[in-house]
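**Q** Sequence and predicted structure below; questions after.
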Amino acid sequence: MAYRVLLVDDSPAMRAFIRRVIVVSGFECDTCLEAGDGAEALARLSEEKVDVILTDVNMPGMGGEEFLRRLSEDVRLRDIPAVVISTDSTKPRILRMIGLGAQGYVAKPF
């Protein structure tokens, strides 16, 4: 089964890098959608169904914390697994993001 992935990061270069890592890893990705912040991601999710979300934390506009908060409040979106990919790997940040519903946390660089 191939998966539909949503990459949420304000850096187009980082989104391209993550996309390459997905391909090289052998992860079966059918579609890889992109968004530059949480608001854009929510707009994409209103139009597209995805199986997993990979999101940054620190983004202009709607950051990752607010994005995860909004996901958890939406009955249509709350069950989509979200994994955080961020340069901020402090324990308080990781715990806060897990508390907001993130299923995992990957520290940049990786």
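**A** Cool, the structure landed. Residues are numbered from 1 along each chain as shown.
**Q** CA only for contacts and neighbour counts going forward, please
**A** Noted.
**Q** longest single helix anywhere in the protein?
**A** In terms of residue count, the longest helix belonging to the chain (DSSP state H) is helix 12-25.
**Q** Report the next helix or strand after that one in sequence order.
**A** As assigned by DSSP states H and E, the chain's next helix or strand after helix 12-25 is strand 29-35.
**Q** Give the buried residues for that following strand.
**A** Buried positions in strand 29-35, judged by neighbour count with 16 or more other CA atoms under 10 Å: 32-35.
**Q** which other helices and strands contact it?
**A** strand 3-8, helix 12-25, helix 38-47 (3 or more CA pairs under 8 Å, 6 or more residues apart in numbering; DSSP states H and E).
**Q** Apply 6 Å and report the result again.
**A** When contacts are defined as 3 or more CA pairs under 6 Å, 6 or more residues apart in numbering; DSSP states H and E, strand 29-35 sits against strand 3-8.
**Q** And for the strand it packs on, what's in contact with it?
**A** Residues outside strand 3-8 that contact it (CA atoms under 6 Å, 6 or more residues apart in numbering): 29-37, 50-55.
**Q** mean confidence for that strand?
**A** Mean per-residue pLDDT for strand 3-8: 97.
**Q** Parallel or antiparallel, which strands does that strand pair with?
**A** Strand 3-8 has the following sheet partners, assigned by DSSP bridges: strand 29-35 (parallel), strand 52-55 (parallel).
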